[in-house]
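Enquirer: Let's see this in three dimensions:
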Amino acid sequence: ALRNPAMLRAVSLISYAIGMLPLRVIDEETKEKADHPLHRLLHREPNNWQSAFDFRTLMQLRALVKGNAYALIIRSRQLRTGRNEIVRLVPLDPDRITPKQGEDWAVSYDYQPPKGEKRTFEAGEIFHLRGLSLDGISGLSVVRQARDAIGLAISAELAAGRLFKNGTLVGGG
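Expert: As a prediction, the model looks like this:
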């Protein structure tokens, strides 16, 4: 579907726009900008190889195209505070993750890395950005939902290309 120029443009515009928006952590009580460790991750550098713009753009793109975007939350015990603080957000391939809800209603995520054994993460270990959702667990891909319309647009584009290539017009009379 992303071979269709209109779809690629729409998805890239939305993803880039979300990536460019300033992201602030707000204190729930005061509604003011919070001085929080997550601010640095979300606003500047979520991991060692991506800028905040790149991370947010990637996550939004995956949510639109795949329906879900995931990042592993890396924590480290801080000597100063004695708490486990989030120090990195590592994007994970959405095709390798399966969210599931247990009998106790808790959500967990099965992740199959490219090499090695499957791992199960609790909800608090995964940042999950969902697209539109029917069940609140898994997101729907906007691109997959529009696949019939996209297929029709691709067919029309190919037909128009053949028409102009052959220089043929159908006459009526």
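Enquirer: give me the element residue 13 is part of.
Expert: Here residue 13 sits within helix 5-20, counting by DSSP states H and E.
Enquirer: Buried residues of the next helix or strand after that helix, list them for me.
Expert: Sequence-wise, the next helix or strand downstream of helix 5-20 (DSSP H and E) is helix 37-43. Using 16 or more other Cβ atoms under 10 Å as the test for burial, helix 37-43 gives 41-42. For glycine as for every other residue, the C-beta is placed from the backbone atoms N, C-alpha and C.
Enquirer: for the protein, what spans make up the strands?
Expert: For the chain, applying DSSP state E gives strands covering 68-77, 84-92, 97-101, 107-111, 119-122, 126-130, 132-133, 139-140.
Enquirer: tell me the most buried of those strands?
Expert: strand 139-140 (a mean of 20; mean count of other Cβ atoms under 10 Å).
Enquirer: partner strands of that one, parallel or antiparallel?
Expert: Using DSSP bridges, strand 139-140 pairs in its sheet with strand 132-133 (antiparallel).
Enquirer: longest single helix anywhere in this protein?
Expert: Ordering each helix of the chain by length in residues (DSSP state H) puts helix 147-166 first.
Enquirer: From residue 111, how far out is the closest residue to residue 70 other than its chain neighbours?
Expert: Excluding the flanking residues, the one nearest residue 70 by Cβ to Cβ, 6 or more residues apart in numbering is residue 92, at 4.4 Å. Using Cβ to Cβ, to the nearest Å, we find residue 92 at a distance of 6 Å from residue 111.
Enquirer: what angle sits between the helix or strand of the chain with the lowest mean pLDDT and helix 5-20?
Expert: Sorting the helices and strands of the chain by mean pLDDT, DSSP states H and E puts helix 147-166 at the bottom, at a mean of 76. With axes from the mean of the first three to the mean of the last three Cα atoms, to 10 degrees applied, the angle from helix 147-166 to helix 5-20 works out at 130 degrees.
Enquirer: Only the buried residues of helix 147-166, if you could.
Expert: 150, 153.
Enquirer: CA atoms of it as PDB?
Expert: These are the backbone C-alpha positions of helix 147-166, laid out as PDB (Å, rounded to 0.1, in the frame of the first residue of the first chain):
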ATOM      1  CA  ARG A 147      -6.400  -1.700   1.500                       C
ATOM      2  CA  ASP A 148      -9.400  -2.200  -0.900                       C
ATOM      3  CA  ALA A 149      -9.500   1.500  -1.700                       C
ATOM      4  CA  ILE A 150      -5.700   1.500  -2.100                       C
ATOM      5  CA  GLY A 151      -5.900  -1.500  -4.400                       C
ATOM      6  CA  LEU A 152      -8.500   0.300  -6.500                       C
ATOM      7  CA  ALA A 153      -6.300   3.400  -6.700                       C
ATOM      8  CA  ILE A 154      -3.300   1.300  -7.700                       C
ATOM      9  CA  SER A 155      -5.400  -0.400 -10.400                       C
ATOM     10  CA  ALA A 156      -6.700   2.900 -11.700                       C
ATOM     11  CA  GLU A 157      -3.100   4.300 -11.800                       C
ATOM     12  CA  LEU A 158      -1.900   1.300 -13.800                       C
ATOM     13  CA  ALA A 159      -4.900   1.500 -16.200                       C
ATOM     14  CA  ALA A 160      -4.300   5.200 -16.800                       C
ATOM     15  CA  GLY A 161      -0.600   4.500 -17.400                       C
ATOM     16  CA  ARG A 162      -1.400   1.900 -20.000                       C
ATOM     17  CA  LEU A 163      -4.000   4.200 -21.600                       C
ATOM     18  CA  PHE A 164      -1.500   7.100 -22.000                       C
ATOM     19  CA  LYS A 165       1.300   4.700 -23.100                       C
ATOM     20  CA  ASN A 166      -0.800   3.200 -25.900                       C
END
